[in-house]
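Asker: sequence and computational prediction follow.
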Amino acid sequence: MPYHKCIDYSLYLVTDSTLVPEGTTLLGQVEKALQGGVTIVQLREKEMDTGDFIALALQLKTLTQQYKVPLIINDRIDVALAIDADGVHIGQDDMPLATARRILGHGKIIGVSVNNTDETKAAVDGGADYLGIGAVWFTSTKALKKQPLGVEGVTRILASMKDRRIPSVAIGGINLENAEGLLMGSFIEDDIEGYPQRRRLDGLAVVSAIIASPDPRITCDQFTSILAATNKALNIANRPTVDHVLDHVEIAVQRIRDQTPMVHHITNNVVINDNANATLAVGASPIMSQNRVELEELAAVNGAMVLNMGTLNDIDTMVLAAQANGRHGNPVVLDPVGGGATTFRKQVVQRFLSEAPLTIIKGNGGEILSMANRGGRSRGVDSLGGVDEENAKAAVEALALQHKCIVAMTGPVDYVSDGRRTYAIDNGDPMLVNITGSGCMVTSIVACFAAANRSDYLLATVSAILMVNIASEVAMARGDVRGPGTFRSALIDELYQTSLSPNVLRDKARLRLL
Ligand SMILES: Nc1ncnc2c1ncn2[C@@H]1O[C@H](COP(=O)(O)OP(=O)(O)OP(=O)(O)O)[C@@H](O)[C@H]1O
Ligand SMILES: Cc1ncsc1CCO
């Protein structure tokens, strides 16, 4: 169920308070590491009483939140719950994964330590969000019960996940001297949904090289440089630039047309037919089913799931459908239609956030700003008032980090974020506002892109919005569009025909990385 796709695992700090240099503190060392670019922190304290552990974890959480970095607790699910951490990391001798998931639910990250291909398969099948592959080398921080894996062992484990790959970090004895060799030696030539792709470890989990460093900020800077240099050497994109996105949109569209993923909608009864036609037009296969009897069977063959709150009916079925799709690793896209408009809808949004494994949330300005508690006015399903860019960026980033998913906010300008990277899309014809459910249509198409482009949900979401918005501009430029009625048909035509080749995109796309 690896839907926490937007977590950046690249420089993963694991703490050990016994290793901090004299005259420094664990919190001080972690703060310097965060300044140096650590992307995720795990609190690991083997010998600490529960009360002290919770107090330390709370202090650490304040710090990691300042740097917008997730905090994972090693082993102690009780502590993770007590401080509302972002997740837990469990070893093979700790609480079973299924039990941990039952206790923590879908909103939390669960990482699992693995040392061989059997453990890897069990963790992937069991719905782990990421793997800690190790130990790579002998280490002073943990007495090893098993032989270290070496670079070959790590590569073997990565290769064993060819069919169902989840994010993986390596751990055990990693330092500035051996990091490059590990990253360059363990990449695999992968094939994702028919497209060859080179993949390497998603991150390095480092303990003593950072925690015991006389200057963790400089050490982390150096690790970050190694990660970027190895990406470059392996020809893997670092922080996707606007050019990178534009280069990939055409492939993203083609993947939908090649795979024809099924997209299960529980949507509102105003837009249901338009949603189905838009899904067909971009090359996916819609099914609009509201009956809970068949949702498990559908989830087994589904590409993605849409939950649209427009005309709420059986909310329990919507939650169950999302959970079934989560179990099958399918992306779940929420459209919180009218989310801020009534008390009832606000409560339903909260229920989805806590019980449904959401991959992408896409709403209009009123809905998203209201969810982020940053204003946001709605009247029924319509967003009211303008949105300033600073507020929009802050809202999508905060929600993406809080809910560990991609967040898109549509309007005259669309904003899409994974919490760390935020894109603004200036395309789109104002006529879109004059047809009911154009936002719902965007959500359907986001789900189509997500279904066929599971390795990068941020890119999938940006691509989907670009496609609808450029199609709307092409439709309006046709001589036969005279108003909302003809525009509605023309839009479906253009979604069907639009060939988003890099040339067309470069000509038309108005995409900014904020
Ligand atoms: N003023 C505008 N100019 C250009 N494009 C716009 C404008 N307003 C919205 N859009 C585009 O219209 C589409 C729908 O966005 P909007 O925010 O209106 O959705 P929504 O309110 O959720 O719609 P609905 O509830 O009717 O489904 C998006 O692709 C967005 O980029
Ligand atoms: C008009 C309307 N009412 C509930 S859903 C919907 C479609 C636009 O979201």
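Answerer: Right, received. Where do you want to start? Residues are numbered from 1 along each chain as shown. Ligands and ions are numbered 1, 2, ... in the order given.
Asker: what's around Gln92, how many residues?
Answerer: Using other C-beta atoms under 10 Å, Gln92 has 16 other residues around it. Where C-beta positions appear, they are placed from N, C-alpha and C, glycine not excepted.
Asker: wait, isn't it in contact with Asp118?
Answerer: No: between Gln92 and Asp118 no contact is recorded; they are 10.4 Å apart, counting by C-beta atoms under 8 Å.
Asker: point out where the stretch 401-514 of the chain drops to low pLDDT.
Answerer: By pLDDT under 70, the weakly predicted segments of the stretch 401-514 of the chain are 498-503.
Asker: should've said the stretch 151-300 of the chain
Answerer: Residue ranges of the stretch 151-300 of the chain with pLDDT under 70: 163, 190-197, 235-240.
Asker: would you pull up the residue in it closest to ligand 1?
Answerer: Relative to ligand 1, the nearest point of the stretch 151-300 of the chain is Val271 (6.6 Å; C-beta to the nearest ligand atom).
Asker: kindly report the same for the stretch 401-514 of the chain.
Answerer: Residue of the stretch 401-514 of the chain nearest ligand 1, by C-beta to the nearest ligand atom: Gly439 (2.1 Å).
Asker: quick check: that residue touching Asp335?
Answerer: Yes: contact criterion C-beta under 8 Å: Gly439 and Asp335 qualify, at 7.0 Å.
Asker: please enumerate the shared neighbours of those two.
Answerer: 362-363 (C-beta atoms under 8 Å, 6 or more residues apart in numbering).
Asker: tell me which of those two has more neighbours.
Answerer: Shown here are Gly439 and Asp335; by other C-beta under 10 Å, Asp335 has more neighbours (32 against 25).
Asker: gap between that one and ligand 1?
Answerer: 7 Å (C-beta to the nearest ligand atom, to the nearest Å).
Asker: and what of Val112?
Answerer: 38 Å.
Asker: that residue should be in a strand, yeah?
Answerer: Yes: assessed with DSSP: H, G, I helix; E, B strand; the rest coil, Val112 lies in a strand.
Asker: tell me how many other residues crowd it.
Answerer: Around Val112 there are 26 other residues, counting by other C-beta under 10 Å.
Asker: give me the number of residues near Gly363?
Answerer: Burial of Gly363 is recorded as 31 neighbouring residues (other C-beta under 10 Å).
Asker: picking up where we left off before, ok, now which ones touch the residue of the stretch 151-300 of the chain closest to ligand 1?
Answerer: 308, 310, 436-437, 440-441.
Asker: now do 7 Å
Answerer: Residues in contact with Val271 (C-beta atoms under 7 Å, 6 or more residues apart in numbering) are 310, 436-437, 440.
Asker: just Met95 next, same as before
Answerer: Going by C-beta under 7 Å, 6+ apart, Met95 touches Ile77.
Asker: name the SS class of it, please.
Answerer: With three-state DSSP as the basis, Met95 sits in coil.
Asker: now it: how far from Gly340?
Answerer: To Gly340, Met95 is 38 Å away according to C-beta to C-beta, to the nearest Å.
Asker: got a list of what the residue of the stretch 401-514 of the chain closest to ligand 1 touches?
Answerer: 364, 410.
Asker: neighbours around the residue in the stretch 401-514 of the chain positioned nearest to ligand 2, how many?
Answerer: Using C-beta to the nearest ligand atom, Gly437 is the residue of the stretch 401-514 of the chain that sits closest to ligand 2, at 4.4 Å. Neighbour count of Gly437, defined by other C-beta under 10 Å: 24.
Asker: how about the nearest residue to it, chain neighbours excluded?
Answerer: Spatially, and ignoring its direct neighbours in sequence, Gly437 is nearest to Val271 (3.3 Å; C-beta to C-beta, 6 or more residues apart in numbering).
Asker: turn the contacts of Val271 into JSON lines, including secondary structure.
Answerer: JSON lines is the format used below for these (three-state DSSP):
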{"residue": "Gly310", "secondary structure": "coil"}
{"residue": "Thr436", "secondary structure": "coil"}
{"residue": "Gly437", "secondary structure": "coil"}
{"residue": "Cys440", "secondary structure": "helix"}
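Asker: so which of those residues comes closest to Lys32?
Answerer: Nearest to Lys32 among the contacts of Val271, counting by C-beta to C-beta, is Cys440 at 46.8 Å.
Asker: grab the nearest non-local neighbour of that closest one.
Answerer: Distance criterion C-beta to C-beta, 6+ apart; nearest residue to Cys440, sequence neighbours excluded, is Val271 at 4.3 Å.
Asker: now do Asn116
Answerer: Per C-beta to C-beta, 6+ apart, closest to Asn116 is Ile157, 7.3 Å.
Asker: isn't that neighbour right next to Ile133, touching?
Answerer: Yes: with contacts counted by C-beta atoms under 7 Å, Ile157 reaches Ile133, the gap being 5.2 Å.
Asker: joint contacts of these two?
Answerer: Taking C-beta under 7 Å, 6+ apart as the contact rule, Ile157 and Ile133 both touch Val114.
Asker: and the two? which has more neighbours close in?
Answerer: Neighbours per residue (other C-beta under 10 Å) separate Ile157 from Ile133, with Ile133 holding more: 28 against 24.
Asker: and the gap between that one and ligand 1?
Answerer: Following C-beta to the nearest ligand atom, the distance that separates Ile133 from ligand 1 is 41 Å.
Asker: how many residues are close by the closest residue to ligand 1 within the stretch 51-200 of the chain?
Answerer: As assessed by C-beta to the nearest ligand atom, ligand 1 sits closest to Gly107 within the stretch 51-200 of the chain, at 23.9 Å. By the criterion of other C-beta under 10 Å, Gly107 has 19 neighbours.
Asker: for the biggest helix by length in the chain, packing partners?
Answerer: Looking across the chain with DSSP state H, the single longest helix is helix 457-476. On a contact count with 3 or more C-beta pairs under 7 Å, 6 or more residues apart in numbering; DSSP states H and E, helix 457-476 meets helix 242-259, strand 406-410, strand 414-417, strand 422-425, helix 438-452, helix 484-497.
Asker: and the helices in the stretch 1-150 of the chain, which stretches?
Answerer: In the stretch 1-150 of the chain, the helices defined using DSSP state H, counting those that start in this stretch lie at 26-35, 50-66, 77-83, 97-104, 117-125, 150-160.
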